[in-house]
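Undergrad: Fold the following, please.
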Amino acid sequence: MQTEEFLAALKNNAEELRRINRLINATFNVRGLSKVHWAAWVAATNELHTRWDQLAFPGGISKELELLRQGDIAAASKALLYMENPPYSFRSQYIAKDFRRCLNKIEKQLPPELQERFSNYKKMVSARKVAKAKKMAQLTPDEQITALRRRKERARRRRSEA
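TA: So this is what the prediction gives:
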C-alpha cells in the first residue's frame with residue numbers, strides 16, 4: 001500500500017471510528033428509556049467491537065502489532081507513518097504508545113532511514129512535553145486548572161466535530 005493510500009485509509013477509518021464512538025455516546029445517555037434505546041446502544045457497541053481491529057489500523061491492528069513484534073520492516077514503516085500522522089480517534093494514542101514500545105525493542109534492527117525517522121519522532125514528542133510543562137509551570141495553580149479544563153473542552157469539541 002502506497003503512503004498516500006495508507007494515509008487516506010487511516011483518515012477514513014478514523015472518521016468511521018469517531019462516528020461509531022459518537023453513536024455510542026449518544027445512545028448511552030438514553031439506553032435506559034426503553035428496550036428500543038437499549039437495543040440501539042447494544043448495536044452501536046457491537047459494531048465497535050466487531051469492526052475496531054480493522055478500523056484502528058488499515059489491514060488490522062492485531063496483525064500489525066504481531067508483525068511489528070517479529071521485527072517486520074514494512075510494519076515498522078507503517079507504524080511510524082501512523083505515529084507521525086496521528087488519526088486522533090478512539091484509542092489512537094494507546095495504539096501509538098504500543099507502536100512506540102515495539103519500535104523501541106527493534107530499533108537496532110531498523111534500516112538507518114527508519115532509525116532516523118523514529119529518533120526524530122521521539123525528539124518531537126519530548127520537545128512537545130517539555131514545552132507543555134514549561135507553559136504550565138508559568139501558571140498559578142488556579143490558571144493551571146483552568147488551562148486543563150480548556151484543553152479537555154477543546155478535545156471534546158474536536159471529537160464531536162470530527
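Undergrad: What distance do you get for Arg154 to Leu10?
TA: Distance of Arg154 to Leu10, given as C-beta to C-beta, to the nearest Å: 22 Å. Yep, even glycine has a C-beta here, placed from its N, CA and C like the rest.
Undergrad: Please say which of the two ends up with more neighbours.
TA: Using other C-beta atoms under 10 Å, the more surrounded residue of Arg154 and Leu10 is Leu10, with 22 against 10.
Undergrad: Next, name the residue at the spatial heart of the chain.
TA: In the chain, the C-alpha nearest the mean C-alpha coordinate belongs to Ser92, at 1.3 Å (C-alpha atoms, centre = their mean).
Undergrad: Now for it: which residues touch it?
TA: Applying C-beta atoms under 8 Å, 6 or more residues apart in numbering, we find Ser92 in contact with Ala14, Ala56, Pro86.
Undergrad: Ala79: helix or strand, and which one exactly?
TA: helix 73-84 (DSSP states H and E).
Undergrad: typo on my end, Ala26
TA: Element membership of Ala26, judged by DSSP H and E, is helix 3-28.
Undergrad: just for this protein, where's the confidence low?
TA: Counting by pLDDT under 70, the chain contains low-confidence residues at 1, 161-162.
Undergrad: tell me the phi and psi of the residue of it most remote from its centre?
TA: For the chain, the residue at maximal distance from the C-alpha centroid (C-alpha atoms, centre = their mean) is Ser34, at 33.4 Å. Note on Ser34: backbone dihedrals following degrees, to the nearest 10 are phi -160, psi 170.
Undergrad: Against Ser119, how distant is it?
TA: In this structure, Ser34 and Ser119 are 55 Å apart, going by C-beta to C-beta.
Undergrad: Repeat that for Arg154.
TA: Relative to Ser119, Arg154 is positioned 30 Å away (C-beta to C-beta).
Undergrad: Tell me the one among the contacts of Ser92 nearest to Asn104.
TA: Pro86 (17.8 Å; C-beta to C-beta).
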